[in-house]
Each structure stands twice: as C-alpha cells, then as structure tokens.
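Enquirer: fold the following for me, if possible:
(one chain, ligands or ions: 2)
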Amino acid sequence: MKARAPDQLSLEEMYHRTHHARTFRDSAIDKARRAEADAERGKRHEQHLCPWCYYFMRGRIAGQAFTEWTCAHCRGTFMHHNTATPRLCPACAATLEACADCCADIDLRDRRTLTKALRRRKKKP
Ligand SMILES: [Zn+2]
Ligand SMILES: [Zn+2]
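Expert: Ligands and ions are numbered 1, 2, ... in the order given. Next up is the predicted model:
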C-alpha cells in the first residue's frame with residue numbers, strides 16, 4: 001500500500017504550519033509554567049483534579065451527550081453533561097484525595113494506601 005501523495009509544499013502552507021506549531025509550543029510552555037507554579041491549587045482541589053488533568057487536559061474533546069457513568073470507588077451511578085466522564089464521584093475523590101478524572105493522587109504524591117484514614121488506622125497497635 002502506498003500513502004496518498006501529499007500536496008506539494010507551498011510557502012503559504014509553511015506559513016500556516018509555522019503559525020500552528022508556534023501556537024501549540026507556546027500553549028504547552030504556558031501550561032507547564034502554570035502547572036509548576038500551581039497558583040490555582042485551591043480551585044484545582046475544589047474541582048478534584050490533579051495538576052496534569054487541571055492544567056493540561058481541560059478542554060479535552062468530548063461528545064455532547066448526557067452520559068451515565070459508574071464511580072470507580074463507591075460504584076454509584078451518576079450523570080455527566082458530556083461523554084468525557086470522570087472516574088470518581090466528588091465525594092470519593094475528596095475522601096481518597098484523588099483526581100476525579102484520572103485517579104492519580106490529587107497532588108501527585110507517591111501513595112502507599114488509598115486513604116490517609118486507612119494509613120492512620122494501620123499504625124495503631
Ligand atoms: Zn464514588
Ligand atoms: Zn488527573
């Protein structure tokens with residue numbers, strides 16, 4: 001199989017490609033800077049999102065359809081306004097201190113247990 005021959009490169013195409021590549025690069029740098037500073041930590045925690053999902057994944061493409069989904073912890077069923085459903089409900093995300101979208105630790109710390117409560121309980125004799 002042979003790939004379709006691309007259109008011959010024009011100066012106009014190169015101009016547009018350069019503009020897009022520069023925009024994507026600048027956007028990635030901007031997101032990385034904001035994620036590193038994490039100045040919106042409070043707002044991020046309110047939305048139960050880890051720095052990756054909050055600063056990089058917001059605005060991801062989703063189908064516009066109300067979607068029923070199941071929480072990965074309590075197994076409750078919920079409705080979401082589009083097809084990009086979370087994995088944890090807000091209550092479970094708060095209890096587990098986890099990202100509602102990707103289930104990472106909310107501040108990307110290494111974790112040995114699902115909850116602090118569990119860790120505290122295990123330490124007792
Ligand atoms: Zn839940
Ligand atoms: Zn996440």
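
Enquirer: nearest residue to the most centrally placed residue in the chain other than its sequence neighbours?
Expert: The centroid of the chain falls nearest to residue 53 when counting by Cα atoms, centre = their mean (2.0 Å). Leaving aside its sequence neighbours, residue 53 sits nearest to residue 101 (Cβ to Cβ, 6 or more residues apart in numbering; 4.4 Å). Every residue, glycine included, has its C-beta placed from N, CA and C.

Enquirer: do residue 92 as well
Expert: residue 73 (4.0 Å).

Enquirer: what's the separation between the one you found and ligand 2?
Expert: Distance of residue 73 to ligand 2, given as Cβ to the ion, to the nearest Å: 15 Å.

Enquirer: just the pLDDT for that residue.
Expert: Here the pLDDT value assigned to residue 73 is 93.

Enquirer: got the contact list for it?
Expert: Counting by Cβ atoms under 8 Å, 6 or more residues apart in numbering, residue 73 touches 88, 89, 92, 95, 96.
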